[in-house]
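predicted model, plus sequence, below.
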2 protein chains.
Amino acid sequence: MKQIIYQGEPGCNSDVASNKFFPKNVKRTGVRTFKDIFEMVKTKKDAHGVVPVENSLTGSIHQNYDLLLEYDVWVIGAVNLRIEHNLLAPAATSLKSIKEVWSHPEALAQCRDFLSAHPEYKVVSVYDTAGAAKLVKEQKIKNVAIIAGPQVAKLYGFKKLKENIESHPDNFTRFLIISKDRKVYTGENARTMFVFGVKNEPGILFRCLSIFALRNIDLTKLESRAVVGRPYEYLFYIDFKGSMEDENCNHAVKTLKEVVTYFKLLGSYIIKDKK
Amino acid sequence: MKQIIYQGEPGCNSDVASNKFFPKNVKRTGVRTFKDIFEMVKTKKDAHGVVPVENSLTGSIHQNYDLLLEYDVWVIGAVNLRIEHNLLAPAATSLKSIKEVWSHPEALAQCRDFLSAHPEYKVVSVYDTAGAAKLVKEQKIKNVAIIAGPQVAKLYGFKKLKENIESHPDNFTRFLIISKDRKVYTGENARTMFVFGVKNEPGILFRCLSIFALRNIDLTKLESRAVVGRPYEYLFYIDFKGSMEDENCNHAVKTLKEVVTYFKLLGSYIIKDKK
């Protein structure tokens, strides 16, 4: 049976994303850190990982892009998930008694406006949204609310003190599905993702992009990033519509590899929700 | 006298950045939120703001890019600051007695490895690094250490329990200097920054970049971002070497404006530290 590895506890958003991609017949395992996901995927047979890489409000999660470069894994899928945040607490806890709010730092960042409006709360960063519920429940901690999705309220029997406290309703996170085994998806919903590095010289990015423009390949993400420790070199993260199985795309990537200083193909994957 | 507005308390990294850009003869004022900086710059005469926009470990700070679009301010300068983090505490507090660690969420993110290695600490998110020191000192809070730069240790009389706990030594933050009054810098260290939007169609970015490649203009930052609430439209943040006073650059920007759906010039500014 396939084993799906995510960071967090049952009910966290990564777990929900894994359910969207693999709705049944899999074993799901939560781990403590993102690095643990990559280690498990590397060593366990038939293990797949679920990794958040980008949020519409807070941007790219660079730590996971770095891990994608460090580990030899393939991106085989992507899921976009609408992220809803609620202020939750055990049934016996009243809104008035709340002194602390616990959640994952990304969730806290996505609820910045709500938290700024409530300076009376002590804001505590924990390893996971659902993990916050687990800690509060197991240790019977009082006067603490947590921030998590509605599925966490159900799973842990918490009540909703406030709903939709995210700073903007257009709060989406993009999760990648990773695997040790290469699998190249094709078809209309296929995307290809890679990273390349260039020496910083005028027009270099333009020359690289000309390769894709010439072949009418549609880029869906482009981000430049200074290489940590090498201030005059840049990495670019790119996604395009198409698969490495398409001759046109394959030729484009081959040409690109001739002109760049670094290249890593991350995979041709399938996107389950096009938003 | 010029008034410099930054988010945080005296000794925070924004304050240090402001000292690098305006070493003397200014009045410095710390405010609670980034939005407060923009409000003060908009309404106060001769006020300049200091705004962090990018960290080498954690990426772009989208909230401040959004505020740059929302407010009519000009970017007139930039400073790159090496960010050092220490675990600090009042003189009477021993390392062994520490139960909680307080700091700004960005600082906590930059010290992720250290905090992961110490699950025994409760991690508390506060509005500022120096503000954490201020709270702990003023309220005589025990068993709490804070994460902040070495200048905070000096200013608040705290001792260093651990030095350089950032996850990577190449930890730099880029701060922008903003003003209500337009000022266009020129010369070797001038950079120009703008944001543009396009309908998502194949090759559109390539066509936009051709305008700059044709004129040999060197882009130093490029980031794409899906427009919140409009999934099929993209915004691009661009920086290039040169000034709007240079005829070549000015023509490039004029041409770009003909083909994009949205354009906002943020300014031609001077970069004080080229790293």
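Alright, I've got the coordinates.

please parse chain A into its domains.
Listed by automatic domain parsing, the domain ranges of chain A are A:2-82+A:171-179, A:86-162, A:190-271.

so what's residue A:153 up against?
A:86, A:88, A:159-160 (CB atoms under 8 Å, 6 or more residues apart in numbering or on different chains). The C-beta positions use only the backbone N, C-alpha and C, and glycine is treated the same way.

against residue A:109, how distant is residue A:163?
Applying CB to CB, to the nearest Å, the value for residue A:163 to residue A:109 is 19 Å.

list the contacts of residue A:87.
Contacts of residue A:87 (CB under 8 Å, 6+ apart): A:98, A:101, A:114, A:145-147, A:160-162, A:165.

quickly list what it is bridged to.
residue A:147, residue A:162 (DSSP bridges).

so what does the residue most central in space within chain A look like in phi/psi?
The structure's chain A has its C-alpha centroid closest to residue A:52; by CA atoms, centre = their mean the separation is 0.9 Å. When quoted as degrees, to the nearest 10, the phi and psi of residue A:52 stand at phi -70, psi 130.

chain B contacts on the stretch 51-200 of chain A?
A:56-63, A:105, A:108-109, A:112, A:116, A:122-126, A:168, A:170, A:200 (CB under 8 Å from any CB of the partner chain).

list the ones among those that fall in strands.
Of those, the ones assigned to strands by DSSP state E are A:59-60, A:122-125.

what's the next secondary structure element after the host helix or strand of residue A:233?
If you go by DSSP states H and E, residue A:233 is part of strand A:230-241. The element immediately downstream of strand A:230-241 (helix or strand, assigned by DSSP H and E) is helix A:247-259.

now residue A:27: which helix or strand?
Using DSSP H and E, residue A:27 falls in strand A:26-31.

what's the offset of that strand from the middle of its chain?
Strand A:26-31 sits 16 Å away from the centroid of its parent chain (CA atoms, centre = their mean, to the nearest Å).

that strand close to chain B?
No. For strand A:26-31, no contact with chain B is found by CB under 8 Å from any CB; the gap never falls below 12.3 Å.

and the helix or strand following that strand with strand A:26-31, angle?
Per DSSP H and E, the first helix or strand lying C-terminal to strand A:26-31 is helix A:34-43. Helix A:34-43 runs at 140 degrees relative to strand A:26-31, counting by axes from the mean of the first three to the mean of the last three CA atoms, to 10 degrees.

just the C-alphas of helix A:34-43, formatted as CSV.
Coordinates of each C-alpha in helix A:34-43 appear next as CSV, following Å, rounded to 0.1, in the frame of the first residue of the first chain:
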residue,chain,number,x,y,z
PHE,A,34,9.6,19.1,6.2
LYS,A,35,13.1,17.5,6.1
ASP,A,36,11.6,14.3,7.7
ILE,A,37,9.3,14.1,4.7
PHE,A,38,12.2,14.0,2.2
GLU,A,39,14.1,11.5,4.4
MET,A,40,11.1,9.2,4.5
VAL,A,41,10.5,9.4,0.8
LYS,A,42,14.1,8.7,0.1
THR,A,43,14.3,5.6,2.3
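
would you mark the buried spots in that helix?
For helix A:34-43, the buried set under the neighbour-count rule, 16 or more other CB atoms under 10 Å in any protein chain shown, comprises A:34-41.

and those residues, which is closest to chain B?
Nearest to chain B among the buried residues of helix A:34-43 is residue A:35, at 8.9 Å by CB to the nearest CB.

isn't the closest one up against residue A:67?
Yes. In this structure, residue A:35 is within contact of residue A:67 by CB atoms under 8 Å, at 6.4 Å.

list phi and psi for residue A:200.
phi -80, psi 100.

and if you look at residue A:244?
phi -70, psi -10.

again, but for residue A:118
Per degrees, to the nearest 10, the backbone of residue A:118 is at phi -130, psi 70.

quick one: residues contacting it.
Residue A:118 touches residue A:101, counting by CB under 8 Å, 6+ apart.

still on that earlier bit, can I get the domains of chain A in TSV including mean pLDDT?
Output for those, formatted as TSV (pLDDT from 0 to 100):
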stretch	mean pLDDT
domain A:2-82+A:171-179	94
domain A:86-162	96
domain A:190-271	89
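
and those domains: which comes nearest residue B:6?
Among the domains of chain A, domain A:86-162 comes nearest to residue B:6, with 17.0 Å by CB to CB.

so how far is that closest one off the chain centroid?
Centre to centre, stretch against its chain (CA atoms, centre = their mean), the figure for domain A:86-162 is 21 Å.
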